[in-house]
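Novice: what's the 3D shape of this:
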Amino acid sequence: MQHTLVDPVLLFDNEAYLIFKNPLFWVPVLQNTRKSASFACFLGCFCFLGFIGGLHCFLQRRILVGSGFRDRKKVGALMGSVVEEIRNGGGHSVVDVESKAGFGGGIEDVYGEDCATEDQVLTPWTASVASGYTLLRDPHYNKGLAFTEKERDAHYLRGLLPPAVLTQELQEKKLMQNLRQYEVPLHRYIAMMDLQERNEGLFYKLLIDNVEELLPVVYTPTVGEACQKYGSIFRHPQGLYISLKEKGKILEVLKNWPERGIQVIVVTDGERILGLGDLGCQGMGIPVGKLSLYTALGGVPPSACLPITIDVGTNNEKLLNDEFYIGLKQRRATGQEYAELLEEFMTAVKQNYGEKVLVQFEDFANHNAFELLSKYSKTHLVFNDDIQGTASVVLAGLIASLKLLGGTLGDHTFLFLGAGEAGTGIAELIALEISKKTGAPLEEARKKIWLVDSKGLIVKSRLGSLQHFKQPWAHDHEPIKQLVDAVKAIKPTVLIGTSGVGKQFTKDVVETMASLNEKPLILALSNPTSQAECTAEEAYTWTKGRAIFGSGSPFDPVEYENKLLVPGQANNAYIFPGFGLGLIMAGAIRVHDDMLLAASEALAMQVSEEHYAKGLIYPPFTNIRKISANIAAKVAAKVYELGLASNLPRPKDLVKYAESCMYSPRYRSYR
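Specialist: Okay, the predicted model is just below:
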């Protein structure tokens, strides 16, 4: 049937059931299948009553069409009194209560709300059919003014829309004009989130077609400001919030999410949001933004994506004292309490969504990020974007830059400022790639890589005080406190910033790099823009236009001595959408480092001679869907090669298969 006639009439054992009214059928929709046996007994007792009630409703033409009532004044009842009569054996039909619902002016209290006081229990009930007013408020199916004349008639939309009919392309043009009028980036972010909540297809059409312009709006750097002010701009829940209050019932919370076929979960605990620190529950902007890119750039259907924030409190005093803060107002849980909550969460995820659901950890603090990745990589399909995604995209840029720098990866020396998740993750993947290409032991490859943290160069004399993830990078050398002195001593060809602290690549540091190298490679990767170690203009100016520059957040092109220099952006969005799609395509059950290497090599192959001529070591985002398809194909191929795939047989052409799997935001026609 195109339009289901729905009337919620019964409450049984505290569970609400939707009764599909039809003279010949009375079918319950069970919200809780565990009560199905008891409901079957109930249904048997009242099947005759249901038939008579349905026939009565049909003959009286008192029916519900779509989400609106055709004869609203004559349909409905006081749910509390009707249920009571049914339980007491009265057996009245819902529509047989006209004498009880009369109010001034002939208006009837259809939902029974006006007869209830504040302290009386009222059951919220609804008819859920995608037609009429409900259709216009369902972001999955709403097309706004793009509904055709035929669709407006078929779906009871006449009068609910202005008479104009616009194409999706015209809607897109109009919205882009509106967005460009906003001078404040956060206002653009809010406008995009509002669009996502009312018209999902148009949101993704805009993002895909204008990715270079809108990526900084829905992702870094604007998403950082959005997270800082998330409590103020919060309008509609876009994911699941799992707090300490839900301990012991996380599986039930997961079941509250309306979609069942979840393939990707992005989860954060908000402790280290970008370079902004502990934002607690307000970190939800990160999972929401990441999953928007999974769909727009990687083609994973939005219905298969689930953003989750785990709220264990916050140590941010400003948030704890903010009366409008939306999270738990308590200090962060740690130790066993934290571990037990995460264990319950990971167990519930696998139980509810299966072995192949990808869980992406996002913006966890160092002490938790490494432990969670190490612990669950053996039992779940997990991926940490800050450690592994950043490493993969940076390695891709390094591989691509070899055409400009010359030599092999093993010929270069790398110096990092920052030894946290990103720094050590990148360093380890570089060492792994050098080891695989040269055949040298991993320990030997690590000696080409040096790290500087807040206490100076990481050397063996500091081994006893180092965190476990820093220890592999402690080499033989005298202690050095200052970065510029480390540059002079180590003589790196590549300088990489992952410190999360802005302005650390000073003029002295950059000029020293330029004095040591004809083409110094400088990567200022910390996000957002305000936390970048240096700007593109500073890098080009201080090296007299010789630097090869990349950053985490976007920078505008720089004109230096009549030459336009275009900075590359080592954005994780190049990697994780295609990487996730590749895992899904192959039905991967575990993530292996070789898959990350495959993703890096696939991205590096997308850089053309035209890009190199501009100084770019990453391809432009305009072709990101094609780039993601190629990355997905390489990753999937590696999954099959390693014997970790469950989707068999392997497709012959993985690139074409990846493209065929991608979600399309174009409007569908409705019957």
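
Novice: quick one: low-confidence parts of this protein?
Specialist: Along the chain, the model assigns pLDDT under 70 to residues 1-118, 126-129.

Novice: and it, what are its domains?
Specialist: Per automatic domain parsing, the domain ranges recorded for the chain read 1-129, 132-166, 169-379, 388-570.

Novice: now do the contacts for the spatially most central residue of the chain.
Specialist: Geometric centre of the chain, nearest residue: L291, 2.3 Å, by Cα atoms, centre = their mean. L291 is in contact with V264, V266, P302, C305, L306, P307, counting by Cβ atoms under 8 Å, 6 or more residues apart in numbering. Yep, even glycine has a C-beta here, placed from its N, CA and C like the rest.

Novice: the first one: neighbouring residues, count only.
Specialist: Counted with other Cβ atoms under 10 Å, the neighbours of V264 add up to 28.

Novice: who's in contact with it?
Specialist: The contact partners of V264, by Cβ under 8 Å, 6+ apart, come to L291, Y294, V300, A304, C305, L306, V357, L358, Q360, G580, I584.

Novice: equivalent analysis for the fifth one, please.
Specialist: Taking Cβ under 8 Å, 6+ apart as the definition of contact, the neighbours of L306 are G239, L240, W257, E259, I262, V264, I265, V266, L291.

Novice: one more time with 7 Å
Specialist: L306 sits next to G239, L240, W257, I262, I265 when contact means Cβ atoms under 7 Å, 6 or more residues apart in numbering.

Novice: and the fourth one, by the same measure?
Specialist: Under the criterion of Cβ under 7 Å, 6+ apart, the contact partners of C305 comprise V264, L291, Y294, T295.

Novice: can I get these in TSV including distance to A427?
Specialist: Listed next are these as TSV, based on distance: Cβ to Cβ, whole Å:
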residue	distance to A427
V264	27
L291	28
Y294	27
T295	31
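
Novice: from those, which land in strands?
Specialist: V264 (DSSP state E).

Novice: before we move on, the earlier item: out of the domains of the chain, the one nearest S646 is which?
Specialist: Among these, the nearest to S646 by Cβ to Cβ is domain 169-379 (6.5 Å).

Novice: still on that earlier bit, please name whichever of the domains of the chain is nearest to A588.
Specialist: Here domain 169-379 is closest among the domains of the chain (Cβ to Cβ), at 7.0 Å.

Novice: report the distance from that closest one to the chain centre.
Specialist: Chain-centre distance of domain 169-379: 6 Å, with Cα atoms, centre = their mean, to the nearest Å.

Novice: from one end of it to the other, what's the distance?
Specialist: Start-to-end span of domain 169-379 (Cα to Cα, to the nearest Å) is 45 Å.

Novice: picking that back up, pull the most distant pair out of the contacts of L306.
Specialist: G239 and I262 (11.3 Å).

Novice: I'd like the next helix or strand past the helix or strand hosting V288.
Specialist: Under the criterion of DSSP states H and E, V288 resides in helix 285-296. With elements assigned by DSSP H and E, the helix or strand that comes after helix 285-296 is strand 305-311.

Novice: can you point out the buried residues in that next one?
Specialist: For strand 305-311, the neighbour count (16 or more other Cβ atoms under 10 Å) marks C305, L306, P307, I308, T309, I310, D311 as buried.
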